[in-house]
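Visitor: Quick one, structure for this:
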Amino acid sequence: MRRSQWHWLILPLGLVLASAASGEDLLFVQSEQGEVYAEASLDAEVVRRVPRGTELEQLASEGVWYRVRHDGEEGWVSRLVVATQPPMERDSILDGEAPDIDDSRRRSSEVASAAAARGLTPEQRERLSDRDMADYRALAELEEQAVDEDELRAFREALR
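Guide: Okay, the predicted model is just below:
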């Protein structure tokens, strides 16, 4: 009878160890686009680019790098662009009933409304701007600027 009691204790432990050994360590790309490098270095060749949410199999880790496999291809990704959980869905305050958002930027009136919601009157904003504590005029001018897709693409390419 004692012997059968040990089997009931050993069996679950064996199952847990077997599942841990056979289970994959999965990583998920968190950034808009993750780059998989040939070596654990930002100077290495980019083997592939994978979109946000892509599942990668972790093979090893070295410093701030993970060795991964995706679709049979191996490479290295930075820990900064992956996590062990899938990325959360992005919520936008502009979804739904926001007026005129097709090709919009925030307008200075929206900045003023946001500042007022924080408890600042136009006079207080002016006074703070004059004392270099916050430059709401410059913020309003900046938010009126439009960036088209070509400029954004060129900026991203310049960073690579």
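Visitor: all helices for this protein, in order.
Guide: Under the criterion DSSP state H, the chain contains helices at 2-22, 108-117, 122-130, 136-144, 149-159.
Visitor: Could you pull up the residues touching the nearest residue to P87 once chain neighbours are set aside?
Guide: The shortest distance from P87 to any residue that is not its chain neighbour, by C-beta to C-beta, 6 or more residues apart in numbering, is 5.0 Å, and that residue is Q30. All C-beta spots, glycine's among them, are computed from the backbone N, C-alpha and C. Shown in contact with Q30 (C-beta atoms under 8 Å, 6 or more residues apart in numbering): 52, 81-83, 87.
Visitor: T54 and L26 touch, don't they?
Guide: No: with contact defined as C-beta atoms under 8 Å, T54 does not reach L26; the gap is 10.5 Å.
Visitor: between those two, who's got more neighbours?
Guide: Neighbours around T54 and L26, counted as other C-beta atoms under 10 Å, are more numerous at T54. The numbers are 21 against 14.
Visitor: Look up the closest residue to that one, ignoring the ones flanking it.
Guide: Leaving out its chain neighbours, T54 is closest to V29 (C-beta to C-beta, 6+ apart), at 4.5 Å.
Visitor: separation between the one you found and A38?
Guide: Between V29 and A38 the computed distance is 18 Å (C-beta to C-beta, to the nearest Å).
Visitor: more neighbours, the two?
Guide: Per other C-beta under 10 Å, whichever of V29 and A38 has more neighbours is V29, with 25 against 13.
Visitor: okay, the residue nearest to G63 when sequence neighbours are not counted: pLDDT?
Guide: Distances taken as C-beta to C-beta, 6+ apart place A40 nearest to G63, at 7.0 Å, with adjacent residues excluded. Per-residue pLDDT puts A40 at 95.
Visitor: Kindly report the same for G72.
Guide: With respect to pLDDT, G72 scores 93.
Visitor: That one: how many residues sit nearby?
Guide: Residues lying near G72 (other C-beta under 10 Å) number 5.
Visitor: what's the answer for E62, then?
Guide: 9.
Visitor: mind listing what it touches?
Guide: By C-beta under 8 Å, 6+ apart, the neighbours of E62 are A40.
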